[in-house]
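*Asks:* Give me the fold of what follows.
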Amino acid sequence: MKTTVIYSSMTYFTKKYIVKIFYMRCGFDFTKLNFINKILTNMLNVMMLRKKEKTEDEKEMLAAYEHPVDYRDRKSIKELIEFVKS
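*Replies:* Coordinates of the predicted model:
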């Protein structure tokens, strides 16, 4: 969990908001994308395939393009549930 401070200015007053940010990993399944997203993902895939030196992240993205991946972890939601209950 990360805490971020956001300032919002109105005419004469400035409000300060403290926002909690939770990071939840998800997955990727190309077959479940809509038509537009499939086109965009294909373009990204072609661009990455053309690169000679690929980073680890790019290699993982190319692998996920062919085989669905799921990074969800049910344990990571505990922190969010505790925050909502408090």
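*Asks:* chain center to stretch 28-44: distance?
*Replies:* Centroid separation between stretch 28-44 and its chain, computed with C-alpha atoms, centre = their mean, to the nearest Å, is 15 Å.
*Asks:* Just the terminal-to-terminal distance for it.
*Replies:* With C-alpha to C-alpha, to the nearest Å as the measure, stretch 28-44 spans 14 Å from end to end.
*Asks:* How many residues are close by Y17?
*Replies:* For Y17, the neighbour count with other C-beta atoms under 10 Å is 9. In this view, the C-beta of every residue, glycine as well, is placed from N, C-alpha and C.
*Asks:* ok but it is inside a helix, no?
*Replies:* No. Read with DSSP: H, G, I helix; E, B strand; the rest coil, Y17 is strand and lies in no helix.
*Asks:* I77: what's its closest spatial neighbour, skipping adjacent residues?
*Replies:* Spatial nearest neighbour of I77, excluding adjacent residues (C-beta to C-beta, 6 or more residues apart in numbering): M24 at 7.1 Å.
*Asks:* quick one: the one you found and Y65, what's the gap?
*Replies:* As judged by C-beta to C-beta, to the nearest Å, M24 and Y65 stand 22 Å apart.
*Asks:* And these two? Which one has more around it.
*Replies:* Per other C-beta under 10 Å, whichever of M24 and Y65 has more neighbours is Y65, with 17 against 11.
*Asks:* In which helix or strand does that one reside?
*Replies:* helix 56-66 (DSSP states H and E).
*Asks:* Which parts of this protein belong to which domain?
*Replies:* Using automatic domain parsing, the domain parsing of the chain gives 1-26+72-86, 27-70.
*Asks:* so where's this structure uncertain?
*Replies:* 1-14 (pLDDT under 70).
*Asks:* Spatially central, which residue of it would that be?
*Replies:* Central residue of the chain (C-alpha atoms, centre = their mean): R25, 6.6 Å from the mean position.
*Asks:* secondary structure element for that one?
*Replies:* Counting by DSSP H and E, there is no helix or strand that carries R25.
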